[in-house]
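J.: With the sequence up front, the predicted model follows.
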Amino acid sequence: MAGVVQQKPIEKEYEKNPDISPEDIKKLREWLKTQPHLPGDKFTDLDLFIIFHCCEKSQEVSKQVLDLHYTLKTLFTTFFKDRRIDKKMEFTIDKILFAALPTPTPEGYRAAYMRLLDTDPKNFMFADSVRVFMMMFELWQLEEGTWPGFIILIDMDQAVIGHLARLELMHIRIVLYFLQEAMLVKLKSVHFLNAPSFMDKLMMMLKPFMSKALADMVHIHQVGSDTLYKYVPKKAMPKNIGGDYKDYETIKNELLIRLKANQKFFDEEALRRVNQSLRPSGKATTVEDLFSIQGSFKKLDID
C-alpha cells in the first residue's frame, strides 16, 4: 500500500471493459476541446475512462458529470483545495481509521471501511475526515481503475451522541450532494455497523439531503449482528474485528505513508479545476445554483 502509486494502464481497462472503445474516450476528448472552462489537457485517458464507465457509457451523462465533478471540486474548497498531509491531516488519520479493503465482494465490488479510533467528540473533524477519505479514494482508483461497484462501511461502535453536534448541516449537504451526483464510482450501498441508540437522530440529519435512490441503499446493522457479511465477506475486514486484513495500527500508518508519498499526484490533480469566467454560457455556477437544481444527472444503481 505504501510508496508512489502507479497509474492503472489504460490498456488493462479496455481489456477489463470490452464494451468501451478508444473511440468512446476520443469523443469525450473532442468535446472537452469545446469547453474552455475545463482544463482538457490535464485529464488522462484513465480519468475519462473512469467517468464514462461510472456513467453507464453515456456520452451525455459523462459530459454532465465530468463538468459537475470538477465544478464541485472547484467550489467546495473546504474538501478539495490545498490537499496535502499537514498536522491536521495527520491528526485525523490518527483518530479515524480509513481502510481501503483489498478483498472484493463476491460481485467484484470494492469496499471502504471507516471507524473512529478515539471516542472524544472534540477530536472528530468531519471536514478533515472527508478530505482524507477522498485522498485515499482517488489514489486507490488511480491504481485500480474501474470497479463494477463500490460500498461504504461506517462502523459506529465508538460513536457517542456528542459526535452529532460536530456535524455541520451544510457540510453534510455538500458531501451527500457530491456522493450522489458527482462521485466517479458506481455506488451500490452504504452500511452503518453497530448502530447506536441515537442512529435515528443521525438519519434525521442525513435524510433531508438524500435522494430516494441513496436512501434505499442505506443499510443499518445492529450491534453484534453479522448481517453485513451478506454484502462484504468477513475475511475482508481488519483483524481487530475478526477479519483477515491488517490491524488498525498498520492500516493507519500505511495510509499516512502512502498519502505523503503521493503528494505529486495531489499537486497535479489540483490543476483539474474549472475556470468559471470561461464557461461557454457566460454564467458562473454557484453553490446556490447547484442546490436549487432539481433532478439528477447520475443515476444511482439499486440492486
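T.: Received, thanks.

J.: From here on, just use CA atoms for contacts and neighbour counts.
T.: Will do.

J.: Could you export the helix or strand hosting F133 as CSV, CA atoms only?
T.: F133 is part of helix 126-144 when elements are defined by DSSP states H and E. The C-alpha coordinates for helix 126-144 follow below in CSV (Å, rounded to 0.1, in the frame of the first residue of the first chain):
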residue,chain,number,x,y,z
PHE,A,126,-15.9,15.9,9.8
ALA,A,127,-14.5,18.1,7.0
ASP,A,128,-10.9,16.8,7.6
SER,A,129,-12.2,13.2,7.6
VAL,A,130,-13.9,13.8,4.2
ARG,A,131,-10.6,15.3,2.9
VAL,A,132,-8.6,12.2,4.0
PHE,A,133,-11.3,9.8,2.6
MET,A,134,-11.3,11.4,-0.8
MET,A,135,-7.5,11.4,-1.0
MET,A,136,-7.4,7.7,-0.1
PHE,A,137,-10.2,7.0,-2.6
GLU,A,138,-8.6,8.9,-5.5
LEU,A,139,-5.2,7.1,-5.1
TRP,A,140,-7.0,3.8,-4.9
GLN,A,141,-8.9,4.5,-8.1
LEU,A,142,-5.7,5.7,-9.8
GLU,A,143,-4.1,2.4,-9.0
GLU,A,144,-7.0,0.0,-9.7
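
J.: and it, what does it pack onto?
T.: Applying 3 or more C-alpha pairs under 8 Å, 6 or more residues apart in numbering; DSSP states H and E, one finds that helix 126-144 makes contact with helix 77-80, helix 87-95, strand 96-101, helix 248-261.

J.: Go through the second one and flag the buried ones.
T.: Pointing back at helix 87-95 there. M89, E90, F91, T92, I93, D94, K95 (16 or more other C-alpha atoms under 10 Å).

J.: Leaving out the residues flanking it, which one is nearest to the second one?
T.: What it means is E90. Excluding the flanking residues, the one nearest E90 by C-alpha to C-alpha, 6 or more residues apart in numbering is L256, at 7.2 Å.

J.: Same check on the fifth one?
T.: Beyond its immediate neighbours in the sequence, the residue positioned closest to I93 (C-alpha to C-alpha, 6+ apart) is K252, lying 6.3 Å away.

J.: Give me the neighbour count for that neighbour.
T.: When counting by other C-alpha atoms under 10 Å, one arrives at 20 neighbours for K252.

J.: what do you get for D82?
T.: 11.

J.: List the contacts of the closest residue to it other than its chain neighbours.
T.: Nearest residue to D82, sequence neighbours excluded (C-alpha to C-alpha, 6+ apart): A270, at 7.5 Å. Counting by C-alpha atoms under 8 Å, 6 or more residues apart in numbering, A270 touches K81, D82, R83.

J.: Could you do L97 as well?
T.: Going by C-alpha under 8 Å, 6+ apart, L97 touches Y113, M114, R115, L116, L117, Y248, I251, K252.

J.: Adjacent strands (with direction) for the strand ranked longest in the chain?
T.: Longest strand of the chain, by residue count under DSSP state E: strand 187-195. Partners of strand 187-195 in the sheet, by DSSP bridges, are strand 150-155 (parallel), strand 218-222 (parallel).

J.: Next up, phi/psi of P238, please.
T.: Main-chain torsions, P238, degrees, to the nearest 10: phi -60, psi 150.

J.: For it, give its distance to Y248.
T.: P238 sits 7 Å away from Y248, taking C-alpha to C-alpha, to the nearest Å as the criterion.

J.: List the buried residues of the helix holding F133.
T.: Applying 16+ other C-alpha under 10 Å to helix 126-144 flags 127-142, 144 as buried.

J.: can you state the direction angle for that helix and helix 87-95?
T.: Compare the direction of helix 126-144 with that of helix 87-95 by axes from the mean of the first three to the mean of the last three C-alpha atoms, to 10 degrees and you get 80 degrees.

J.: what is the rounded mean pLDDT of helix 126-144?
T.: Per-residue pLDDT over helix 126-144 has a mean of 98.

J.: Name the residues that touch that helix?
T.: So helix 126-144 is contacted by 5-8, 46, 78-80, 83, 88-89, 92-93, 96, 98, 100, 166-167, 171, 175, 255, 259 (C-alpha under 8 Å, 6+ apart).

J.: at 7 Å instead, please
T.: Under the contact criterion C-alpha atoms under 7 Å, 6 or more residues apart in numbering, helix 126-144 has outside partners V5, Q6, Q7, K8, T78, F79, F80, M89, T92, F98, L167.

J.: Thanks a lot, catch you later.
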